[in-house]
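**Q** Provide a 3D model corresponding to the input given below.
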Amino acid sequence: MFKNPQDEYLSMSVNAAPSVERFLGFGAETDFYFTLKKNAGRGVTQGDAEMLTARMAEMKLAVGRTFFSYKWWEPVEGRRGEMTPEWKDFLNSMTMLKNAGVQVNLSPWGDYFAYSAWQNVSHGQRSPQGEALV
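**A** Presented below is the predicted three-dimensional model:
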């Protein structure tokens, strides 16, 4: 039982059936970046990555969300980005998730600054369908 601000009690019950037609399961945030100098310099090793992959497989993690930067993927319109350490690490992380059987939802990293300059995305911008981009 939870108490709301009006001092009325709210009771809740659990319905075991999924409430959505295409329920994928429970997931977790999956940002890794194990091989980047910033994290490796703090003692993070490939062994840590392997341990995390094994735990995800054991948990049967269905869905993972991870962030990526459009600047890595397509810094200039129509041209793929270079294979930077960040991009290599990102691809390594995606391989780990695939090996653990995790479906990945990609999200732009951060706010308007996650987009490449050519995309002309500014803070508060909306898509043609009216959805908030940032």
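
**Q** could you pull out the helices in this structure for me?
**A** Under the criterion DSSP state H, the chain contains helices at 37-40, 46-59, 70-73, 85-99.

**Q** by mean pLDDT, flag the weakest helix or strand of this protein.
**A** When each helix and strand of the chain is scored by mean pLDDT, DSSP states H and E, strand 2-3 comes last, with a mean of 52.

**Q** who does the spatially most central residue of the chain bridge with?
**A** Residue closest to the mean C-alpha point of the chain, counted by Cα atoms, centre = their mean, is residue 66 at 1.8 Å. Under DSSP bridges, the beta-bridge partners of residue 66 are residue 106.

**Q** need the contact list for it.
**A** 29-32, 90, 93-94, 97, 104-107 (Cβ atoms under 8 Å, 6 or more residues apart in numbering). C-beta: built from backbone N, CA, C; applies to glycine.

**Q** looking at those residues, which is nearest residue 41?
**A** Relative to residue 41, the closest of these is residue 32; by Cβ to Cβ it sits at 15.4 Å.

**Q** tell me where the model's unsure across the chain.
**A** 1-10, 18-19, 110-113, 123-134 (pLDDT under 70).

**Q** residue contacts, residue 28?
**A** Residue 28 touches 56, 61, 63-65, counting by Cβ under 8 Å, 6+ apart.

**Q** just the buried ones among the contacts of residue 66, please.
**A** Taking 16 or more other Cβ atoms under 10 Å as the criterion, what is buried in these is 30, 32, 90, 93-94, 97, 104.

**Q** now those residues in TSV, with distance to residue 24?
**A** Listed next are the buried ones among the contacts of residue 66 as TSV, based on distance: Cβ to Cβ, whole Å:
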residue	distance to residue 24
30	14
32	20
90	22
93	19
94	17
97	14
104	11
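
**Q** which of those residues lies closest to residue 73?
**A** Nearest to residue 73 among those, with distances taken as Cβ to Cβ, is residue 90, at 9.2 Å.
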